[in-house]
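[1] Have a look at this prediction, sequence included:
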Amino acid sequence: MTRPSSTPWTWALAGALLGLLLTTLWQLPASWFTPSVQTVSQGRFLLQDARGTLWNGSAQLTLAGGAGSADAATLPGRLAWKMSLTGAGLNADVLADCCLQQPWRLSLMPRWGGTQLMLADSQSQWPAQALAGLGTPWNTVQPEGSLALSTQGLTLEWAAGRLAVAGRAQLDANQISSRLSTLKPMGSYRVTVVGGAATTLQLETLEGSLQLSGSGQWVGAKLRFDGEASAAPERQEALSNLLNIIGRRDGARAIIKVG
């Protein structure tokens with residue numbers, strides 16, 4: 001004796017339940033997204049006053065010093081996002097009132113044993129003052145000026161617990177000053193990160209009385225960097241306190257070493 005086939009109303013009920021599930025997921029509030037950002041960033045990036053949905057929402061972006069830190073700086077305006085599914089991947093357009101004239105376009109794709117994040121070529125400008133919210137050492141330096149960020153072919157891939165970087169990112173810190181020095185501004189600087197078999201970092205001075213230079217690379221997840229800071233002869237007194245903070249003093253220089 002054969003088992004009777006499913007009746008039409010069974011399929012109709014299943015379809016209705018699936019539709020209800022998809023509708024619920026599509027209308028999830030933006031506030032569901034914010035704890036994930038805080039967790040992944042280890043408390044460095046906070047989305048506050050979230051509005052809209054998980055897929056089309058906005059919030060205020062706050063930079064914070066992480067667990068146990070009281071430092072925080074909220075960017076002016078709001079950060080907005082629109083997300084959509086494409087095949088097995090996730091696309092997102094992110095726009096910040098203060099700092100992005102064109103949206104950041106990001107694509108997140110699963111890979112064998114990991115995940116790949118691609119950022120379309122972009123340009124943005126951010127207030128250097130916001131760095132103070134990240135805690136030490138920025139809360140001591142209290143930088144002022146502007147940060148111009150540009151990316152070309154930037155791709156981050158996580159696999160087997162390792163991060164691989166491709167492409168290039170350049171950060172120009174323009175007309176930078178600090179509460180630790182009466183000299184305003186102290187100078188302008190460039191940080192360049194180039195991905196590849198070994199991801200490298202280069203620091204150089206574009207202009208100014210405070211001279212910064214150095215180079216490094218990521219070994220595994222750790223950055224190893226060697227650099228130095230010095231002051232123009234006529235500005236050594238005005239920059240002495242800042243040099244003491246930047247690194248280990250060696251005469252007129254401050255030695256910078258990370259890792």
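    Everything's here; your move.
[2] Low-confidence regions, the stretch 1-150 of the chain specifically.
    Residues of the stretch 1-150 of the chain that meet the criterion pLDDT under 70 lie in 1-27.
[3] the strands in it, which residues?
    45-52, 56-64, 72-74, 79-86, 89-96, 104-111, 114-119, 122-127, 143-159 (DSSP state E, counting those that start in this stretch).
[4] Please indicate which of those strands has the most neighbours on average?
    strand 56-64 (a mean of 20; mean count of other CB atoms under 10 Å). Where C-beta positions appear, they are placed from N, C-alpha and C, glycine not excepted.
[5] all helices for the stretch 101-250 of the chain, in order.
    138-141, 236-246 (DSSP state H, counting those that start in this stretch).
[6] hmm, who's touching the longest one?
    Okay, so that is helix 236-246. 137, 140-141, 178, 180-183, 186, 209-210, 229-231, 249, 252-254, 256 (CB atoms under 8 Å, 6 or more residues apart in numbering).
[7] Tell me the buried residues within those.
    141, 178, 180-181, 183, 186, 209-210, 229-231, 253-254, 256 (16 or more other CB atoms under 10 Å).
[8] and those residues, which of them are in strands?
    178, 210, 229-231, 253-254, 256 (DSSP state E).
[9] Next, format those as a markdown table and append distance to L63.
    Below are those laid out as a markdown table (distance: CB to CB, whole Å):
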| residue | distance to L63 |
| --- | --- |
| S178 | 17 |
| L210 | 24 |
| A229 | 24 |
| S230 | 29 |
| A231 | 29 |
| R253 | 30 |
| A254 | 25 |
| I256 | 22 |
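[10] can you tell me which two in those residues are farthest apart?
    Greatest spacing in those, by CB to CB: S178 and R253 (17.8 Å).
[11] Now the two most distant members of the buried ones among the contacts of helix 236-246.
    Pairwise across the buried ones among the contacts of helix 236-246, and taking CB to CB, the largest span is found between L183 and I256, at 19.2 Å.
[12] and L95, what are its bridge partners?
    Beta-bridge pairing for L95 (DSSP bridges): A80.
[13] so what's it up against?
    L95 touches 79-81, 102-104, counting by CB under 8 Å, 6+ apart.
[14] need those in TSV with distance to T115, can you?
    Shown next, in TSV, are these (distance: CB to CB, whole Å):
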residue	distance to T115
L79	22
A80	24
W81	18
Q102	25
P103	21
W104	18
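[15] So P127 versus L147, what's the distance?
    7 Å (CB to CB, to the nearest Å).
[16] repeat for L131
    Distance from L131 to L147, counting by CB to CB: 8 Å.
[17] Make TSV out of the helices of the stretch 101-250 of the chain and add distance to Q217.
    Formatted as TSV, those follow (distance: least, CB to CB, whole Å):
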stretch	distance to Q217
helix 138-141	23
helix 236-246	21
